[in-house]
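S.K.: coordinates for the following, if possible.
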Amino acid sequence: MLPCVVFQTVYSAVTYVGYIGILTGQRPNGFTITVDEREEGVRVFNGLVALIDRKASPVSFLTREVLQDQNDFESAVKVLTNRDLIAPVYLIVGGVNPGEGVVITRNRLVPSDVWRMNQTDYKWFILETNYDHWNTPPPSDDRRDAAIKALNIIGQDNISPKTLYQALSTNLVLNNGTIYTALASARHPDMFSAWIRQVEK
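M.R.: Have a look, this model is predicted:
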């Protein structure tokens with residue numbers, strides 16, 4: 001008799017052809033991760049320091065490693081918070097239990113801030129739009145207020161993949177810098193979806 005082999009999805013991810021790192025992914029029944037760019041410091045200096053620091057990880061490689069090796073929200077947050085990185089970044093992590101949502105604002109070597117969902121004014125959601133949450137976003141790119149308004153109009157009781165996609169498609173939230181929109185839920189892994197986006201002119 002041949003042994004029975006059962007295949008199980010370890011993680012799912014959004015990536016690009018030929019790209020081996022991961023910027024958005026989910027570990028079923030564990031956690032979700034997405035990476036947002038953070039403009040901090042001089043890029044050339046960050047690059048030089050990263051070359052010297054042999055412990056520093058490329059962000060997209062670390063994201064892939066965490067999806068592969070960590071099983072739950074808190075263990076993922078711990079690794080993402082403490083590992084040296086080659087660039088400053090925002091790491092948004094969601095879990096399967098109520099309150100498991102965090103935005104980790106990273107400098108290269110240490111976290112600048114770990115902002116958990118229960119610390120927000122909204123309590124039922126947390127969001128990141130490429131700016132430090134403690135600073136006011138620039139008027140030329142205030143996606144944050146548009147997203148907060150859209151989510152508050154929908155309300156916690158009416159949130160669904162469809163209404164969340166609508167919020168992410170709201171004017172200002174969806175802009176010329178949006179490359180793709182992804183929806184992920186570690187508790188409901190079959191919901192994982194992504195769309196390439198273009199703003200109609």
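S.K.: quick check on the residue nearest the centre of the chain: phi, psi?
M.R.: For the chain, the residue nearest the mean C-alpha position is T34 (2.1 Å; C-alpha atoms, centre = their mean). Torsion angles at T34 (phi, psi; degrees, to the nearest 10) stand at phi -140, psi 150.
S.K.: how about the helices in this structure?
M.R.: 43-52, 59-69, 73-82, 143-154, 161-168 (DSSP state H).
S.K.: can you redo the ones you listed as a markdown table with mean pLDDT?
M.R.: Formatted as a markdown table, these follow (pLDDT from 0 to 100):
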| stretch | mean pLDDT |
| --- | --- |
| helix 43-52 | 72 |
| helix 59-69 | 96 |
| helix 73-82 | 98 |
| helix 143-154 | 95 |
| helix 161-168 | 96 |
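S.K.: coming back round to it: find me the pLDDT at the nearest residue to the residue nearest to the centre of the chain once chain neighbours are set aside, would you?
M.R.: Computed as C-beta to C-beta, 6 or more residues apart in numbering, the closest residue to T34 that is not its neighbour in sequence is T24, at 4.4 Å. Any C-beta I mention is one placed from the backbone N, CA and C, and that applies to glycine too. We note a pLDDT of 97 for T24 in this prediction.
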